[in-house]
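Asks: Got a sequence here, can you build the structure:
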Amino acid sequence: MVTALLYLGFAGLGYFIGSRFRDKKDKFGWLGRLLTFIVFSLITCMGYKMGSSESVIHDIMEIGINSVILAVVPLLFTIAGLSITRRLVGYNKTGELVPKDERKLKGSSGRSSGTGKTVIPRTTFLYMGGVLMGFVFGYFMVVKNNIIDFEKGYSVVGTYITYALYMMVFLVGVDLGFDGTAPKLMKQAGLKTLIFPLVVGIATLVGVYACTFFMEYDAHESLMIGATFCWYSLAPNIIIDGGFVAAGAVAFLSNFFRVIITLITVPIVAQKVGYVETTGMAVAASMDVCIGTIESSTNKTCAIIAFVTGCVFTFLIPVTMPIIVAMNF
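Replies: Coordinates of the predicted model:
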């Protein structure tokens, strides 16, 4: 909960500063490049953390396939659920809220007017390269050759990630402040915004449960894995502390993979499926690790929805996870 409050604070501070320099925003074009660099560095660090951990390497060998499945299937369920909900609520493909009396008009469904060709943004390849580079560096420098001490390296990278996330949320706030439409967009969306986190949560849990039909996880383990909602640095540890080591390892890797896949595919999903569909792909991580990519690939409205979605789950997970782990069924 403290983390969520800090993110809100930094976003608010960024918005305040951005609003004060709104008439000079043309001089801050470099902020977009800085945001891209921060996202790239975060992905590289995540790759390093995975590649430098012997236990994670071992888990990848043993349960990697299950983890990938548990990342991809709930992610697809989430995109589908948000796509249906987006149409029902009244948002078009580019994340604009269409008035009810205009939704039946031609073109109001949000269909793309472009050529339909898929153009994969350069940032997608950049982020894929960052994951691979971080993983390879961590593996060879720590696991393979022991050049870097694991504990020290993990601590340094963890500290950097913490402050880089604060900076990224701050910069997104600055960008929203430059634009100045955030209050209007929030008022326009109203309580409708809260339906998206609900759909994301349900779709994720249903997706995880669907995977259990061809995996050896009982209902309790499935609920624990699903309810981590991409907070891979906290929620899996609660599961492990509860004595469910294997489920905790699967939860960590599946969440980690889901965030990585989200970072890489957000531009494609935004272009081919819809802007709103990107806002819950990373669940809790939508407000921090993935907010920069979502904001740069969609628009201000979707950045707000993503931030709200992340906030909801960031507040929810520390309360619900201990309860779910303690269940006996």
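Asks: Can you name the residues that contact the most centrally placed residue in the chain?
Replies: Relative to the mean C-alpha position of the chain, the nearest C-alpha, by CA atoms, centre = their mean, is the one of Ala282, at 2.8 Å. Shown in contact with Ala282 (CB atoms under 8 Å, 6 or more residues apart in numbering): Cys230, Arg258, Val259, Thr262, Leu263, Val289, Cys290, Gly310. Bear in mind the C-beta positions are built from the backbone N, C-alpha and C, glycine included.
Asks: rerun that using 7 Å as the cut-off
Replies: For Ala282, the contact set (CB atoms under 7 Å, 6 or more residues apart in numbering) comprises Cys230, Arg258, Val259, Thr262, Val289, Cys290.
Asks: ok, and the most crowded of those residues?
Replies: When neighbours are counted by other CB atoms under 10 Å, Cys230 leads the contacts of Ala282 with 30 neighbours.
Asks: Report how many residues lie close to the residue nearest to that residue when sequence neighbours are not counted.
Replies: Nearest in space to Cys230, with sequence neighbours left out and distances taken as CB to CB, 6 or more residues apart in numbering, is Val283 at 4.1 Å. Per other CB under 10 Å, the neighbour tally for Val283 reads 30.
Asks: same thing with the one 3 residues further on?
Replies: The local packing of Ser286 (other CB under 10 Å) involves 35 other residues.
Asks: what's the answer for Cys211, then?
Replies: Count around Cys211 with other CB under 10 Å applied: 21.
Asks: who are the neighbours in contact with it?
Replies: Applying CB under 7 Å, 6+ apart, the residues near Cys211 are Ile69, Leu70, Val73.
Asks: Settle this for me: the second one is touching Leu253, isn't it.
Replies: I take that to be Leu70. No. Here Leu70 lies out of contact with Leu253, judged by CB atoms under 7 Å, at a distance of 8.3 Å.
Asks: Might you list the low-confidence residue ranges for the stretch 51-200 of the chain?
Replies: For the stretch 51-200 of the chain, applying pLDDT under 70 flags the ranges 59, 62, 99-121, 124, 181-182, 184-190.
Asks: Go again with 80.
Replies: Filtered on pLDDT under 80, the stretch 51-200 of the chain yields the residue ranges 55-56, 58-64, 97-124, 127, 172, 176, 179-192.
Asks: those helices in it, which residues are they?
Replies: Secondary structure of the stretch 51-200 of the chain (DSSP state H, counting those that start in this stretch): helices at 54-89, 122-138, 150-179, 182-189, 195-211.
Asks: Could you export those helices as CSV, including distance to Ile238?
Replies: Listed next are the helices of the stretch 51-200 of the chain as CSV, based on distance: least, CB to CB, whole Å:
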stretch, distance to Ile238
helix 54-89, 17
helix 122-138, 25
helix 150-179, 18
helix 182-189, 32
helix 195-211, 16
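Asks: hang on, the earlier thing: wait, isn't the residue nearest to Cys230 in contact with Thr228?
Replies: No. In this structure Val283 lies outside contact range of Thr228 using CB under 7 Å: 8.7 Å.
Asks: Now stretch 160-172 - C-alpha only, CSV.
Replies: Provided in CSV are the C-alpha atoms of stretch 160-172 (Å, rounded to 0.1, in the frame of the first residue of the first chain):
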residue,chain,number,x,y,z
TYR,A,160,17.9,0.9,-9.3
ILE,A,161,14.6,-0.6,-10.3
THR,A,162,12.9,1.0,-7.3
TYR,A,163,14.1,4.5,-8.1
ALA,A,164,13.7,4.0,-11.9
LEU,A,165,10.0,3.1,-11.4
TYR,A,166,9.5,6.3,-9.3
MET,A,167,11.2,8.3,-12.1
MET,A,168,9.1,6.7,-14.8
VAL,A,169,5.8,7.3,-13.0
PHE,A,170,6.9,10.9,-12.4
LEU,A,171,7.7,11.4,-16.1
VAL,A,172,4.3,10.0,-17.1
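Asks: Check the helices of the stretch 51-200 of the chain for me and report the most buried one.
Replies: helix 195-211 (a mean of 21; mean count of other CB atoms under 10 Å).
Asks: ok and that one relative to helix 54-89, angle-wise?
Replies: 130 degrees (axes from the mean of the first three to the mean of the last three CA atoms, to 10 degrees).
Asks: And the furthest pair within the contacts of Ala282?
Replies: Greatest spatial distance among the contacts of Ala282 (CB to CB): Arg258 and Val289, at 10.9 Å.
Asks: Tell me, how many residues neighbour Asp149?
Replies: Neighbourhood size, Asp149 [other CB under 10 Å]: 11.
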